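In: Output the structure for:
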Amino acid sequence: MGILSRLNTLIKSNLNSAVDRMSSPEREIDILISDMEDAVKKARQEVQACLVSEKLAIKERDRLRAESASWEQKATRAVQMGEDDLAREALAQKATVDTLLANAEKTVRDQEAYVDELTASLKSLEQRVAEVKLRKGTLKQQARSRAGAGKGGSAFAEFERLSGKVDAMDAEVDIDAELAGQTSREAETDRKLRELDRQSTIDDALEALKKKLQ
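Out: Purely as a prediction, here's the structure:
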């Protein structure tokens, strides 16, 4: 289970229900708070790591943008010199870079969205921890008043059960994706079609560049 799923499970957990399932509430409430504080610490570390990854992704995106612009400039000069073959080669290089650029831009968008979501969950969990600490005495009193009403082991037993369930769902998704994959023959046909489309795109780009210069 990813850290976001774990955070959201903790955030949405029902305190009263968790206390009712505790076999030793006086001790397990303290453990609950300690575990939540540990989750906050790990979430902060994850946010920091993601911010570093985001900066690297942005740097790579900007590099590819500059490289794409450079190949377009080279193609322009080649057309101005009457070197169509050289212009096509430059445009082919630009098309390759543009594919990488599109992937890099998606990576940046995904990374930014993940950081925003993780940061929001972190803030919510911090508020949740503060709430549990504030209610610590009340929760222990509640547990004492309900002593013997129910048994349940660790307060995080349900949390771990949910973790395993989500992990299993993730595995099923991976299997479904693998089964849905193309055969090697279909993949080769698709590759050839993409190559034809790519060549047509380069020719169109060359004509567009010529019209732009005219």
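
In: My read is that residue 60 contacts residue 104, right?
Out: Yes. Taking contacts as CB atoms under 8 Å, residue 60 lies within contact range of residue 104: 5.3 Å. The way it works is simple: take the backbone N, C-alpha and C, and place the C-beta from them, glycine included.

In: If you count surrounding residues, which of those two has more?
Out: Neighbours were counted for residue 60 and for residue 104 using other CB atoms under 10 Å; residue 104 has more, 20 against 17.

In: Contacts for stretch 58-67, please.
Out: By CB atoms under 8 Å, 6 or more residues apart in numbering, the list of residues contacting stretch 58-67 from outside reads 97, 100, 101, 104, 105, 107, 108.

In: filter those to the buried ones?
Out: 97, 101, 104, 105, 107, 108 (16 or more other CB atoms under 10 Å).

In: Go through the residues you listed and name the one nearest residue 85.
Out: Nearest to residue 85, judged by CB to CB, of the buried ones among the contacts of stretch 58-67 is residue 97 at 19.2 Å.

In: helix, strand or coil for that closest one?
Out: Secondary structure for residue 97, judged by DSSP: H, G, I helix; E, B strand; the rest coil, is helix.

In: so who does it touch?
Out: Taking CB under 8 Å, 6+ apart, we find residue 97 in contact with 64, 67, 68, 71.

In: Buried ones only from those, please, as a ChimeraX command.
Out: In ChimeraX, this line selects whichever of the contacts of residue 97 come out buried by 16+ other CB under 10 Å:
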select :64,67,68,71
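
In: For the protein, which segments count as helices?
Out: Remark: helices assigned in the chain by DSSP state H are 3-12, 15-21, 25-80, 84-134, 136-145, 157-179, 184-213.

In: where among those is the average confidence lowest?
Out: Ranked by mean pLDDT, the helices of the chain bottom out at helix 157-179, with a mean of 49.

In: C-alpha coordinates for stretch 113-127, CSV please?
Out: Extracted in CSV, the C-alpha atoms of stretch 113-127 (Å, rounded to 0.1, in the frame of the first residue of the first chain):
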residue,chain,number,x,y,z
ALA,A,113,-0.3,16.6,-8.4
TYR,A,114,1.2,13.9,-6.1
VAL,A,115,3.1,16.4,-4.0
ASP,A,116,-0.1,18.5,-3.6
GLU,A,117,-2.2,15.5,-2.6
LEU,A,118,0.5,14.2,-0.2
THR,A,119,0.9,17.6,1.4
ALA,A,120,-2.8,17.9,1.9
SER,A,121,-3.0,14.5,3.5
LEU,A,122,0.0,15.3,5.7
LYS,A,123,-1.7,18.4,7.0
SER,A,124,-4.9,16.4,7.7
LEU,A,125,-3.0,13.7,9.5
GLU,A,126,-1.2,16.3,11.7
GLN,A,127,-4.6,17.7,12.7
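
In: Turn the contacts of residue 97 into JSON lines, including distance to residue 88.
Out: Converted to JSON lines, those look like this (distance: CB to CB, whole Å):
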{"residue": "64", "distance to residue 88": "21"}
{"residue": "67", "distance to residue 88": "18"}
{"residue": "68", "distance to residue 88": "16"}
{"residue": "71", "distance to residue 88": "12"}
